[in-house]
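Q: what's the 3D shape of this:
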Amino acid sequence: MKKLFENWRNSLDEEEVDEGIENITPENVQIAADAIRQVVANLAPAAILPALMLIYKEYKGKKKGE
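A: Below is the predicted model:
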């Protein structure tokens, strides 16, 4: 098993590609920005709804106290 792992690790080292910042293109940046926008749009309800519920509970608690 150890030999198998060593062979696997050696093959990973050989397949490494040396890429730098010169490979960043405007198209790649646009694709990344679109992906981030989509993730934010999908996760926004999960963050906003609990925040609104907390605000509502605090408002309701203050109104009861008065």
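
Q: mind listing the helices for this structure?
A: When secondary structure is read from DSSP state H, the chain shows helices at 2-14, 26-65.

Q: And the ones you listed, which one averages the lowest pLDDT?
A: Per-stretch mean pLDDT for the helices of the chain is lowest at helix 2-14 (a mean of 64).

Q: hmm, back to that, can you redo the helices of the chain as JSON lines with mean neighbour count?
A: Every residue, glycine included, has its C-beta placed from N, CA and C. Written out in JSON lines, the entries for those read as follows (neighbours: other C-beta atoms under 10 Å):
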{"stretch": "helix 2-14", "mean neighbour count": "9"}
{"stretch": "helix 26-65", "mean neighbour count": "10"}
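
Q: do you know how far residue 27 is from residue 33?
A: 11 Å (C-beta to C-beta, to the nearest Å).

Q: Please disregard the earlier target; I meant residue 57.
A: Per C-beta to C-beta, residue 57 is found 36 Å from residue 33.

Q: same thing with residue 62?
A: Residue 62 is 41 Å from residue 33, by C-beta to C-beta.

Q: And residue 3, by the same measure?
A: Distance, residue 3 to residue 33, using C-beta to C-beta: 45 Å.

Q: next one: residue 41
A: Plainly put, residue 41 is 13 Å away from residue 33 if you go by C-beta to C-beta.

Q: Also residue 60?
A: 40 Å.

Q: got the CA positions of stretch 47-66 in CSV?
A: Taking Å, rounded to 0.1, in the frame of the first residue of the first chain, the C-alpha atoms of stretch 47-66 are listed here in CSV:
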residue,chain,number,x,y,z
ALA,A,47,-28.6,34.9,5.2
ILE,A,48,-31.3,37.5,4.9
LEU,A,49,-34.3,35.6,6.2
PRO,A,50,-32.7,34.7,9.6
ALA,A,51,-31.6,38.3,10.0
LEU,A,52,-35.1,39.6,9.3
MET,A,53,-36.5,37.1,11.8
LEU,A,54,-34.1,38.3,14.5
ILE,A,55,-35.0,41.9,13.8
TYR,A,56,-38.7,41.0,14.0
LYS,A,57,-38.2,39.1,17.3
GLU,A,58,-36.4,42.1,18.8
TYR,A,59,-39.1,44.5,17.7
LYS,A,60,-41.8,42.2,19.0
GLY,A,61,-40.0,41.9,22.4
LYS,A,62,-39.5,45.6,22.7
LYS,A,63,-43.2,46.3,21.8
LYS,A,64,-44.3,43.8,24.5
GLY,A,65,-42.1,45.4,27.1
GLU,A,66,-43.6,48.9,26.6
